[in-house]
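Undergrad: Sequence and predicted structure below; questions after.
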Amino acid sequence: MLLRSINAPLTAIHGIGPKAMKESVSKFARLGIRNVAGLLCHYPRDWEDRRFTVPIAEFHRAKVCTEVTVLAHDWIGFGHKRTPKIFIEDESGRAVLVGFNRPWLAKQMDVGGHYHVWGGFEYKYGEIQSGNFEFEDSSKAENYGKMIPIYPLCAGLNQTVLRRFTANAIEQYAARLENELPDEIIARDKLLPKAAAIRAYHFPSSPEERDLAKKTLIYEELFYLEIMVGKRALERKGTGNSPTKLAREQGLGNRELANKVGAGTGTGEQGTGIVSPLQQRLIERLPFSFTKGQQQAIAEINADMGDCAHSVAHNGTYSNFSMARLLQGDVGSGKTLVSFMAALRAADNGGQTALLAPTELLARQHAENAARLLEPLGMRIAFLTGNIKAAGRKDLLKHLEAGEIDIAVGTHALFSKDVTYKNLQLVIIDEQHRFGVTQRALIMAKNSTATPHLLMMSATPIPRTLAMTVFGDMDVSVIRDMPPGRKPVITHLALESNEQKVYEFVRDKLKAGSQAYFVYPLIESDDEKEIILKDAVSMADRLATEVFPGFAVALIHSKLDEEEKRQTMERFRKGEIRVLVATSVVEVGVDVPNANCIVIEHAERFGLSALHQLRGRVGRGQDQAYCFLVYSDKYTDDGKARLNVMYENTDGFVIAEEDLKLRGPGQIAGTEQSGYLNLGIANPIRDIEALTKARADAFSILENDPGLVLDGHRIIARVMEEAPPFTGVGV
């Protein structure tokens, strides 16, 4: 019997009286507990160690855990507010139990009776007393001398009831539980059988037994998480052999593949199936060389999309492969150019590409760059957003459906109902964390006959934890190097009271010919709020008239119409505007090499990802760039932690790990609405070592037994079929 398949209702648990059962079932439902499986998977959040006696006299060092005799009763107050006082003693001394909200206490603790008492005591009003304690009759003691679980509760449900239900359910069902991990893994890692793990985690005999049970249950959850991730990858690819893996088996290692991409200026190899004809033509036109990281990423993408995959398919060894690759690299590492190379590969294969960006500003910049680089090669580029006028939109959609557009660049409009592609082969999603799972699925569904290749890009590097979970069924390409000549941005922290020094520094840079950004958390201030923050609108006026009167200052934010934003950005790129005042609308996509100063005011109000992206707007040229994080003295502890991370680190991978710790996986991955990472006891961030090991085990089994039908692994198939433990992983 598998744990998660025990669908018996709570009323099936023996040893619970009908009155207690009736009163408790609805309360359990508030905790999401509706059957025995849910109850046994409702794990303790802590334990009280009542194995050792702590006498009253030692109340100052630990919670008291002792056997006492009741000496007398007394009362505090009058009427319905009367509170009982129970005088007790053990061999070490005397104390008082104060029964706040427990008027029945005197009836349950008889004078002269013997009881086990557990609780925190303090010296107060001339006596040792406790108002927060538990007790039980010594002759019926169930919890004394044991480790007692402390469960998450809801209103109306107490620990005693939850412990009794759980203990009875374990006695009735646990012995019949089957192991859900393969026996060889349990033996290799000296883990507990499932029945013993459940019993030991709820009611351990020692901390050591509890820790072993926890290790077992955590590993089991992560193992099946990775089985699910790997199974999705195999289902998408058709077999366990991806084209990249097959290419390596045929003697083309990653380094050799990258060498065949070439370092620019015509060094790519045409006709090998590694570099397509259109890619070769772009390489020959570029005045610079790809970095090693770009070469590697292009090679991996080409291996997924290229001739080696198709040739294997023709031989019947491999079929139905669709690339799903995450391209991650720091701000300015050249991911967009890599994605253009992927689009050229799709075009050489006779397909169309959709490049999806989260904002119109970023989408327009991608479209302009694509037109500049790719239209000379004969590529037909279209720009599609929700603001395209009806007449132009209708004509554009007609050309897109006819296959007369090679690359469609845009925002959410790319997956509108009326948008039809003739042969959508590649979907590129920039700033993937800005899109939810549902949105990704909508654009992927635009090819009704086959699943398009998927390339997701992230300028905020994905932490290793998420790379193995949320994106675990995807291949990952990483660009770790930067184009030559780029210097790390120097970051300064500045109190709001010292902002004049920041203004003076920026003024000197402006006089030397540079440009600057000033970023604010609000478009306009809200006078009704208790904390008044600087806003972009009022500060644009102040900077223009008081701080930098000799320089052109302009304002950009999300409420401006798209044409005004486009014109403002164009003037800033040309250098006509020297100071650009903005909100986080400039967080992504703005590329102005002459801008080498950015001042982020109320920086404590921004998340780590936003701060890292904003800092990435400068340092895109040859000159040294500077980022000033201006903060108020009212910042929170979280805000202080974020600023320190930014001050101490320029490596986006380190920042991403810290961001994960502060925000959690859902927000970073864009998977909050998917129900993903619905784990009971495991924490992928905390349990990264177990996750890594579980992934290796799961993928090893899947590679050797993709069907999950070998006798030794039949249990895996049953767990996945009868009680799938987790919900889906993105697109």
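TA: Done, it's in. Numbers count the residues shown, from 1 in each chain.
Undergrad: Where do the strands of the stretch 601-731 of the chain begin and end?
TA: Assignment of strands within the stretch 601-731 of the chain using DSSP state E, counting those that start in this stretch yields the ranges 626-631.
Undergrad: how about low-confidence regions in it?
TA: Filtered on pLDDT under 70, the stretch 601-731 of the chain yields the residue ranges 635-638, 661-678, 705-712, 722-731.
Undergrad: can you give me the helices in it?
TA: 608-615, 637-648, 652-663, 665-669, 688-704, 714-722 (DSSP state H, counting those that start in this stretch).
Undergrad: and Ala391, which of the ones you listed is closest to it?
TA: helix 608-615 (35.9 Å; C-beta to C-beta). Just so you know, the C-beta spots here come from the backbone N, C-alpha and C atoms, and that holds for glycine as well.
Undergrad: and the residue lying farthest from the centre of the chain, what does it touch?
TA: Here the centre of the chain is the reference, and by C-alpha atoms, centre = their mean the most remote residue is Gly112, at 58.1 Å. Neighbouring residues of Gly112 by C-beta atoms under 8 Å, 6 or more residues apart in numbering: Thr69, Val70.
Undergrad: Would you check that Gly351 makes contact with Val427?
TA: No - counting by C-beta atoms under 8 Å, Gly351 stays clear of Val427, with 10.7 Å between them.
Undergrad: The two: who's more crowded?
TA: Val427 (28 against 22; other C-beta atoms under 10 Å).
Undergrad: list residues touching both of Gly351 and Val427?
TA: Pro452.
Undergrad: that older thread, let me know which of the helices of the stretch 601-731 of the chain is tucked in deepest.
TA: helix 608-615 (a mean of 24; mean count of other C-beta atoms under 10 Å).
Undergrad: Tell me which other helices or strands it touches.
TA: With contacts taken as 3 or more C-beta pairs under 8 Å, 6 or more residues apart in numbering; DSSP states H and E, helix 608-615 sits against strand 595-601, strand 626-631, helix 637-648, helix 652-663.
Undergrad: For that helix, list the C-alpha coordinates in CSV.
TA: The C-alpha coordinates for helix 608-615 follow below in CSV (Å, rounded to 0.1, in the frame of the first residue of the first chain):
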residue,chain,number,x,y,z
LEU,A,608,17.6,42.1,-5.9
SER,A,609,16.7,41.1,-9.4
ALA,A,610,15.5,44.6,-10.3
LEU,A,611,18.6,46.2,-8.7
HIS,A,612,20.9,43.8,-10.7
GLN,A,613,19.1,44.5,-13.9
LEU,A,614,19.1,48.3,-13.4
ARG,A,615,22.8,48.3,-12.6
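Undergrad: Give me the angle between that helix and helix 652-663.
TA: Per axes from the mean of the first three to the mean of the last three C-alpha atoms, to 10 degrees, the angle that helix 608-615 makes with helix 652-663 is 140 degrees.
Undergrad: which stretches of the stretch 301-450 of the chain form strands?
TA: Per DSSP E, counting those that start in this stretch, the stretch 301-450 of the chain carries strands over the ranges 324-329, 352-356, 381-384, 407-410, 424-429.
Undergrad: Give the pairing partners of the first one; include direction for each.
TA: Strand 324-329 has its sheet partners listed here by DSSP bridges as strand 453-458 (parallel), strand 475-479 (parallel).
Undergrad: quick check: angle from the longest one to strand 424-429?
TA: Taking the same axes, to 10 degrees, one finds strand 453-458 and strand 424-429 inclined to each other by 10 degrees.
Undergrad: please renumber so the chain begins at 54
TA: Yes, from this point I'll number from 54; that puts the last item at strand 506-511.
Undergrad: which residues are in contact with strand 506-511?
TA: Strand 506-511 is contacted from outside by 354, 357-358, 375-381, 388-389, 392, 395, 399, 478-486, 493, 497, 524, 527, 784, using C-beta under 8 Å, 6+ apart.
Undergrad: same question for stretch 571-590, mean pLDDT?
TA: For stretch 571-590, mean pLDDT rounds to 80.
Undergrad: starting at the chain centroid, how far to it?
TA: Here the centre of stretch 571-590 is set off from its chain's centre by 29 Å, with C-alpha atoms, centre = their mean, to the nearest Å.
Undergrad: what does stretch 692-701 give?
TA: 19 Å.
Undergrad: Low-confidence regions, the stretch 154-303 of the chain specifically.
TA: For the stretch 154-303 of the chain, residues meeting the criterion pLDDT under 70 lie at 288-303.
Undergrad: And for the stretch 504-653 of the chain?
TA: 513-526, 579-584, 640-643.
Undergrad: could you pull out the strands for it?
TA: With strands called from DSSP E, counting those that start in this stretch, the stretch 504-653 of the chain shows them at 506-511, 528-532, 543-548, 568-572, 606-609, 632-635, 648-654.
Undergrad: Residues in contact with the last one: which ones?
TA: Okay, so that is strand 648-654. When contacts are defined by C-beta under 8 Å, 6+ apart, strand 648-654 is touched by residues 549, 552, 555, 558-559, 562, 567-574, 587, 592, 625, 633, 659, 664, 667-668, 670-674, 676-683.
Undergrad: thinking again about what came up before, out of the helices of the stretch 654-784 of the chain, which gets nearest to Cys207?
TA: helix 718-722 (23.0 Å).
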